[in-house]
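Student: predicted model and sequence follow; I will ask about them next.
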Amino acid sequence: MAGFLKTLVPKRFRKEGVAIPVVRLHGAIMASGSQFRPPLNLATAAPALEKAFGYKQAPAVAISINSPGGSPVQSRLIFQRIRALAAEKNKRVLVFVEDVAASGGYMIALAGDEIFADPTSIVGSIGVVSGGFGFPEMLKKIGVERRVYTAGSNKAILDPFQPERENEIEYLKSLQLEIHQVFIDMVKERRGAKLTDDPDLFSGLFWTGGRGLVLGLVDGLADMRSELKKRYGEKTRLELVSAPKGLFGRKAPGVGGPSGDIAERIGSAGVAAVAGLAEEKALWGRFGLSG
């Protein structure tokens with residue numbers, strides 16, 4: 001029926017060529033953010049992904065990734081949602097890396113049936129990192145006594161105001177190793193025989209897109225527009241898909257801010273935004289980039 005109705009539309013008004021939906025997954029991956037700087041997580045990515053995979057006539061969904069990583073949980077959730085939708089809708093997933101797809105950003109890229117990058121893109125960083133600060137000496141200098149009361153001998157583990165303890169560091173590293181192994185298994189499952197036997201592959205190092213091609217982390221060096229037109233014809237249309245908007249252009253419910261007094265919300269959001277911005281800039285900074 002759709003094909004018949006199309007013939008009734010004058011030729012000059014018909015859209016020719018296949019339409020490929022494009023989803024941009026850009027930014028640091030965080031469980032929460034602020035209304036001023038929304039993070040990349042499942043809640044923010046899911047609406048656009050659902051909409052893109054809903055294109056019935058599209059043979060594939062193109063995903064643009066530009067992320068230095070962040071939360072491993074949110075990275076895996078986005079990865080799993082993409083793969084679930086691809087299986088449900090029988091769509092091929094083509095991932096295109098812009099500046100960087102590293103750490104959690106590369107974990108999301110693994111959802112692609114094929115991954116493309118620019119020769120100067122940054123890919124990899126298959127590892128886990130935790131960071132923080134310690135302030136025990138500062139407390140002594142300013143004459144402040146730290147008092148902590150817990151129910152549970154390890155409830156105050158890794159307290160930044162107390163000296164580091166070797167057993168606590170060992171415990172943190174054991175958690176990191178578990179998460180790292182999950183990441184490694186994902187890479188091996190998705191990339192398979194394409195991977196080269198390089199001892200640095202899972203060391204946390206990162207590489208250019210050109211080197212990533214040699215290592216098997218990406219399938220080709222290409223930009224989205226050129227690659228899609230080469231595959232599906234010169235009349236291929238790229239249609240950017242974004243999350244649906246609510247009334248007055250606001251984001252639809254599901255990624256809302258806290259309730260309460262408006263002044264209080266703005267103040268707390270400002271503090272959260274500053275903290276989130278610092279964390280995000282630190283993530284981008286690892287790769288010589290700024291967010």
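Tutor: Now that the structure is in, tell me what you want to look at. Only a predicted model underlies this, so the values are computations on that prediction, with no experimental measurement involved.
Student: wait, what's in contact with Leu221?
Tutor: By C-beta atoms under 8 Å, 6 or more residues apart in numbering, Leu221 lies in contact with Phe116, Ala117, Asp118, Pro119, Gly209, Gly210, Leu213. Using the backbone N, CA and C atoms, a C-beta is placed for each residue, glycine as well.
Student: reformat those as a markdown table; add distance to Val187 and pLDDT.
Tutor: As requested, those are arranged in a markdown table below (distance: C-beta to C-beta, whole Å; pLDDT from 0 to 100):
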| residue | distance to Val187 | pLDDT |
| --- | --- | --- |
| Phe116 | 17 | 98 |
| Ala117 | 15 | 97 |
| Asp118 | 21 | 97 |
| Pro119 | 21 | 97 |
| Gly209 | 16 | 96 |
| Gly210 | 19 | 97 |
| Leu213 | 15 | 97 |
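Student: return the subset of those lying in strands.
Tutor: Using DSSP state E to define strands, the subset of the contacts of Leu221 located there is Phe116, Ala117.
Student: what about the contacts of Leu221, which one has the most neighbours?
Tutor: Within the contacts of Leu221, neighbour counts (other C-beta atoms under 10 Å) peak at Ala117, which reaches 30 neighbours.
Student: now that one. Nearest residue, chain neighbours left out?
Tutor: Spatial nearest neighbour of Ala117, chain neighbours left out: Gly209 (3.2 Å); criterion: C-beta to C-beta, 6 or more residues apart in numbering.
Student: which ones are touching that neighbour?
Tutor: Contacts of Gly209 were listed using C-beta under 8 Å, 6+ apart, and they are Val97, Ala117, Asp118, Pro119, Thr120, Ser121, Ile122, Val123, Val218, Leu221.
Student: quick revisit: hmm, which two among the contacts of Leu221 are most spread apart?
Tutor: Distance extremes for the contacts of Leu221: the farthest pair is Phe116 and Gly210 at 12.2 Å, using C-beta to C-beta.
Student: how about the strands in the stretch 101-250 of the chain?
Tutor: Under the criterion DSSP state E, counting those that start in this stretch, the stretch 101-250 of the chain contains strands at 114-117, 122-124, 206-208, 220-221, 237-241.
Student: from those strands, which stretch is densest packed?
Tutor: Using mean count of other C-beta atoms under 10 Å, the stretch among these with the greatest mean number of neighbours is strand 122-124 (a mean of 27).
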